[in-house]
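Chemist: sequence first, then the predicted structure:
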Amino acid sequence: MPVLRSLTLYCSSSTSLDPHFAVAAREAGRLAAERGMTLVYGGGGIGLMGEAARAAKAAGGRVEGVITQKLLDYEQGWDGCDEMIVVDTMRERKRILMERGDAFLVLPGGLGTFEEFFETLVARQLGDHNKPIAVLDDHHYFQPLHALIEHAVRERFVRPAVREIVHFGTSLPVLLDWLASDTHGAADPNRFLPMGSRKGEEGEK
């Protein structure tokens, strides 16, 4: 099983969530630290972001934040990060988050989290990176998202091979084990892109 040196975490910075969502965020930060992974995240000190970052730090882990100057001006940054990268745009923020992580873990979040998830998934589909993506369906939050992807597969807007590059689950240890497994190879665009193989192949292998 390969060693993951870093884990990019996508999650909410909202301060109005039900407290039960914070439990998984803290567990994610703690487990990342205990497994020797640097936690790379959006740099926030509030919401699930802050819960995960503080838990990782408390467990002896390294925490790297990436945040825009605008969000920092809104006092959303966490000063406990071992490294804080301040950028001008959200696009640059997402690029660094994607580059720095060896794998991606998605916890409940809003539109920003959805955007990060889909951009990372599409990049994997295109073969721009070969890093695994896991989604924690905490308290069934992501069931509609999972159902939407499956609906798109059934309607043939998304190819079934997408199931190989993103994994939904309810157990953080199991998801982290999956992320660290050695089954993740480079994506072949011929199997993942909606237009199918350039060789005119039909169906899925």
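Modeler: Yep, it's here.

Chemist: next up, the contacts around residue 42.
Modeler: Residues counted as contacts of residue 42 (C-beta atoms under 8 Å, 6 or more residues apart in numbering) are 10, 11, 13, 49, 65, 66, 67, 93, 97, 112. Heads up, the C-betas are built off the backbone N, CA and C, glycines and all.

Chemist: quick check: residue 66 vs residue 89, distance?
Modeler: Counting by C-beta to C-beta, to the nearest Å, the gap from residue 66 to residue 89 is 11 Å.

Chemist: and the two? which has more neighbours close in?
Modeler: Remark: of residue 66 and residue 89, residue 66 carries more neighbours, 24 against 11, as counted by other C-beta atoms under 10 Å.

Chemist: which helices and strands does whatever helix or strand that one lives in pack with?
Modeler: Secondary structure assignment for residue 66, by DSSP states H and E: strand 63-68. Counting contacts by 3 or more C-beta pairs under 8 Å, 6 or more residues apart in numbering; DSSP states H and E, strand 63-68 is packed against strand 38-41, helix 47-58, strand 83-87, helix 90-100.

Chemist: which residues are contacting the helix or strand just after that strand?
Modeler: Where DSSP H and E defines the elements, the next helix or strand beyond strand 63-68 is helix 69-73. For helix 69-73, the surrounding residues in contact (C-beta under 8 Å, 6+ apart) are 43, 44, 77, 86, 87, 88.

Chemist: go on, stretch 164-182?
Modeler: Residues from elsewhere that reach stretch 164-182 (C-beta under 8 Å, 6+ apart): 1-4, 7, 24, 27-28, 31-32, 35, 103-105, 121, 124-125, 132-138, 142, 146, 149, 184, 187, 192.

Chemist: can I get the buried part of those as one PyMOL selection?
Modeler: Typed into PyMOL, the next command selects the buried ones out of the contacts of stretch 164-182 (criterion: 16 or more other C-beta atoms under 10 Å):
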select buried, resi 4+7+24+27+28+31+32+35+103+104+105+121+124+125+132+133+134+135+136+137+138+142+149+184+187+192
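
Chemist: mind checking which of the contacts of stretch 164-182 are in strands?
Modeler: Judged by DSSP state E, strands contain the following of the contacts of stretch 164-182: 7, 103, 104, 105, 133, 134, 135, 136.

Chemist: and the nearest residue to residue 179 once chain neighbours are set aside, what are its bridge partners?
Modeler: Distance criterion C-beta to C-beta, 6 or more residues apart in numbering; nearest residue to residue 179, sequence neighbours excluded, is residue 103 at 4.1 Å. Under DSSP bridges, the beta-bridge partners of residue 103 are residue 7.

Chemist: what does the model give residue 103 for pLDDT?
Modeler: Residue 103 is assigned a predicted lDDT (pLDDT) of 97.

Chemist: what residues are up against it?
Modeler: Residue 103 touches 4, 6, 7, 8, 131, 132, 133, 134, 179, 180, counting by C-beta under 8 Å, 6+ apart.

Chemist: pLDDT value on the second one, please?
Modeler: Here, the pLDDT recorded for residue 6 equals 98.
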